[in-house]
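S.K.: My questions are about this predicted structure, shown below with the sequence.
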Amino acid sequence: NIFGKICSTSGCYYTVEVPNSADGRPFVDLAGIGNNPLRTGDAAIHLTLAHADRVTVKIYDVSGRLVRTLANGQLFRAGRVDPALTWDGLDDNGRRVARGAYFVSIQYAASGYKASPKMIVLK
């Protein structure tokens, strides 16, 4: 327990640094992917919103074709979206996608936050 050695009392607080954008403002909207590469189970798309916002999350293959829509302008409250959005490796028609690289397009409407992390499917 590393923190127990530096903070022996209960109720200690730790700061978390937030990276700055190109214009120096801190990022407040975040997104990430769990279970990547996807070998078994579902991939989890973790979203954190600074303010309530409409979110679009779509999965694309490397050629740019839409594979699956997980959220299409759905309104989420501020904070961490719980439970996370999940992708089971199926397309919108219920067929298993081929092994390979995919891109998760994440867009927050009001804040303008955009991310396109890569997802690798190995199952």
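M.R.: Now that the structure is in, tell me what you want to look at.
S.K.: Just give the closest residue to Leu70, not the sequence neighbours.
M.R.: Val57 (4.3 Å; C-beta to C-beta, 6 or more residues apart in numbering). Every residue, glycine included, has its C-beta placed from N, CA and C.
S.K.: Likewise for Thr40?
M.R.: For Thr40, the spatially nearest residue (C-beta to C-beta, 6+ apart) is Lys123, at 6.1 Å.
S.K.: what's around Leu47, how many residues?
M.R.: 23 (other C-beta atoms under 10 Å).
S.K.: wait, doesn't it sit right on Arg77?
M.R.: No - between Leu47 and Arg77 there is no contact under C-beta atoms under 8 Å: 10.7 Å.
S.K.: Same question for Thr86, what's its three-state structure.
M.R.: Three states are possible here, and by DSSP: H, G, I helix; E, B strand; the rest coil the one that applies to Thr86 is strand.
S.K.: Quick check: beta-bridge partners of it?
M.R.: The partner list for Thr86 in beta bridges (DSSP bridges) reads Ala44.
S.K.: dump the residue contacts of the closest residue to Arg39 other than its chain neighbours.
M.R.: Setting aside the residues directly before and after it, Arg39 is nearest to Leu122 in space (C-beta to C-beta, 6+ apart), at 4.9 Å. When the contact criterion is C-beta atoms under 8 Å, 6 or more residues apart in numbering, the partners of Leu122 are 37-39, 99.
S.K.: Go ahead and name everything in contact with the longest strand along the chain.
M.R.: Ranked by residue count and defined by DSSP state E, the top strand of the chain is strand 66-76. Under the criterion C-beta under 8 Å, 6+ apart, residues 45, 47, 49, 52-61, 85-87, 90-92, 97, 102, 109 lie in contact with strand 66-76.
S.K.: Ok, stretch 97-116 next?
M.R.: 27-29, 31, 33, 45, 47, 49-51, 53-62, 67, 73, 87, 89-91, 117-123.
S.K.: which parts of that stretch are buried?
M.R.: Applying a neighbour-count criterion of 16 or more other C-beta atoms under 10 Å, one finds 97, 102-108, 111, 113, 115 buried in stretch 97-116.
S.K.: With that, I have no additional questions.
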